[in-house]
Every structure is written in structure tokens, then in C-alpha cells.
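**Q** everything below, folded, please.
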Amino acid sequence: MNSTLIVARREFRSNFDSPIGYVVIALSLLGVGAFFFRDYWTINRATIYPLFTWLPWAFTFFVIPAITMRLFSEEKRTGTIELLITMPVRDREVVLGKYLATLALVGVLLALTLTYPLLIGRLGNLDPYPIAAGYLGMLMHASAGIAIGLFFSSVTENQIIAFMLTAVVLLGLFSIDYLGAAVGGTLGDIFAFVSFQRRLAPFGRGLIDLRHVVYFLSVTVFFLMLTTRQLESRKWK
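**A** Predicted coordinates for the structure are as follows:
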């Protein structure tokens, strides 16, 4: 665990040693804020629901692909991955450390969005429970997305390819519910089952269903294991 935390601290600091962390946070807040206030004045009542409508799309198209694309791709391109995996640290500790650091970065972004409910709370009464549930849902969504991004970053040394693969897969998992509704039947039920959007929607309404929490955590664990196996395979090449 100590090695995991060392990797996590190193990786978290690196996000702010370069412009990537600042740029991702600034652009995300700017984009989500623009859509949030556009919808808020249309709804004309004190609600934070537009935040949990637009944040998932920002995470899918930009935030998660951008902060995960370099995690292993950059190290593979520069050759430092060989040094990293030969150090007295296990592959799963490297993967978990990078995952925790990236999740912490998302936590910083989510913490900054708390300015929205604080501001709206001054204009009307807000129920804190749906807000807490919405933020939990975003953490679950980010957790699964980061694990997926980690995996694609580990299979290529090209950051752009890692970005695109992560964005395409996340978009597919998020929007597949629309295809399920069109197809119907058993196949439609399968699409609905794996849909991130279907799983995330109840959180935005203030409902916490443990089945959805378990689903996101299962996706997270599955892709973290795939990433670990991908790193281990390099030792046998």
C-alpha cells in the first residue's frame, strides 16, 4: 500500500507540474458552467439537476480521455515504463496508484463545482440529499471511466489514439441506451443493462441504488485487472 501511495502522490503532482491539470479543470468548469446556467434560467427554479445532466457528457467526451491518455502512453513513448516496471514495486501497485491519483484529480474538479449548489442555494431552498447522490454518481461514473482510460493508455504509446479509444468506448457505453430503446427485446435489455446513462440517471434524481454502485465498481475492477495484465505481459516479450 505504501508503494501505491508513493505512485499516487507522484502522479497527482505531475498533473499540476504541467498545464494538463489546469487546462482540463478550467475548460470543464467553463463549458459545464455555460450549459448549466443556460438550462437553469430556462427551468426558472432552484435546482442543481442541469449540473448532473452536463457533467457526464463533459466527463465522457473530454475530461476522462484527457487525464488518462498520458498515464501509460507517455511513459511507453519515453521509455520510462521499462524503468518503472523493473523497480521494486508491483504492477498492480503502479496501476492502482495512477488510478487513485487520477480519481483525486477528478475529485478536485468536482469539489470546484460545489460553487454551483452554493450559489443556487442562495436563490432558493435546495435539498442536500439529491446533491450528495448526484456527486456520488459522478464519482462512480468517473471511477469506471478512469479504469477504462487507463487500459487504453496501457495498450498504445500514442496519446491521441488513447484519447480517441477512451472517448469512443465511453460514448458507446453512455449512449447505448438509445440503441437499446430502438432495438427492444432481449438485446435491448442487454444494452440498457450496460448503459452508463441508465445507471447514472437515478443518482441525478437523488436515488442511490446499490445495484448501480456495484455495476460501476465492477467495471472499474475489471479494467484495472486488464491493465495490470497488460503491464505484466510486457515482461514476457
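
**Q** after the lowest-mean-pLDDT helix or strand in the chain, which helix or strand is next?
**A** Using mean pLDDT, DSSP states H and E, helix 80-86 stands out as the lowest-scoring helix or strand of the chain, at a mean of 63. Next along the chain after helix 80-86, taking DSSP states H and E as the criterion, comes helix 91-112.

**Q** low pLDDT regions in the chain?
**A** Applying pLDDT under 70 to the chain flags the ranges 1, 36-47, 78-88, 123-124, 181, 234-237.

**Q** could you pull out the helices in it for me?
**A** Using DSSP state H, the helices assigned to the chain run over residues 2-17, 20-43, 49-58, 64-68, 73-78, 80-86, 91-112, 115-121, 128-154, 159-183, 185-194, 196-204, 210-234.

**Q** same for the shortest one, what does it pack against?
**A** Using 3 or more CB pairs under 8 Å, 6 or more residues apart in numbering; DSSP states H and E as the contact criterion, the neighbours of helix 64-68 among helices and strands are helix 20-43, helix 91-112, helix 128-154, helix 159-183. The way it works is simple: take the backbone N, C-alpha and C, and place the C-beta from them, glycine included.

**Q** and it, how far out from the chain's middle?
**A** With CA atoms, centre = their mean, to the nearest Å as the basis, helix 64-68 stands 8 Å off its chain's centre.

**Q** now do it: everything it contacts.
**A** 15, 20-21, 24, 102, 105-106, 142, 145-146, 148-150, 152-153, 162-164, 166-167, 170 (CB atoms under 8 Å, 6 or more residues apart in numbering).

**Q** can we see that at 7 Å?
**A** 24, 102, 105, 142, 145-146, 149-150, 153, 163, 166-167, 170 (CB atoms under 7 Å, 6 or more residues apart in numbering).

**Q** skipping adjacent residues, who's closest to the residue nearest in space to the middle of the chain in space?
**A** Centroid-nearest residue in the chain, with CA atoms, centre = their mean: Ala142, separated by 2.5 Å. Counting by CB to CB, 6 or more residues apart in numbering, the nearest residue to Ala142 once its immediate chain neighbours are dropped is Val106, at 4.4 Å.

**Q** and the one you found, how many neighbours?
**A** Burial of Val106 is recorded as 23 neighbouring residues (other CB atoms under 10 Å).

**Q** surely the residue nearest to the centre of the chain is in contact with Val108?
**A** No: at 11.5 Å, Ala142 does not count as touching Val108 under the criterion of CB atoms under 7 Å.

**Q** number of nearby residues for the nearest residue to His212 once chain neighbours are set aside?
**A** Nearest residue to His212, sequence neighbours excluded (CB to CB, 6+ apart): Arg199, at 4.4 Å. Arg199 has 25 neighbours, counted by other CB under 10 Å.

**Q** now Arg90
**A** 15.

**Q** distance of the nearest residue to it once chain neighbours are set aside from Leu170?
**A** Sequence neighbours aside, Ser3 is the residue nearest to Arg90 in space, at 7.1 Å (criterion: CB to CB, 6+ apart). Per CB to CB, to the nearest Å, Ser3 is found 29 Å from Leu170.
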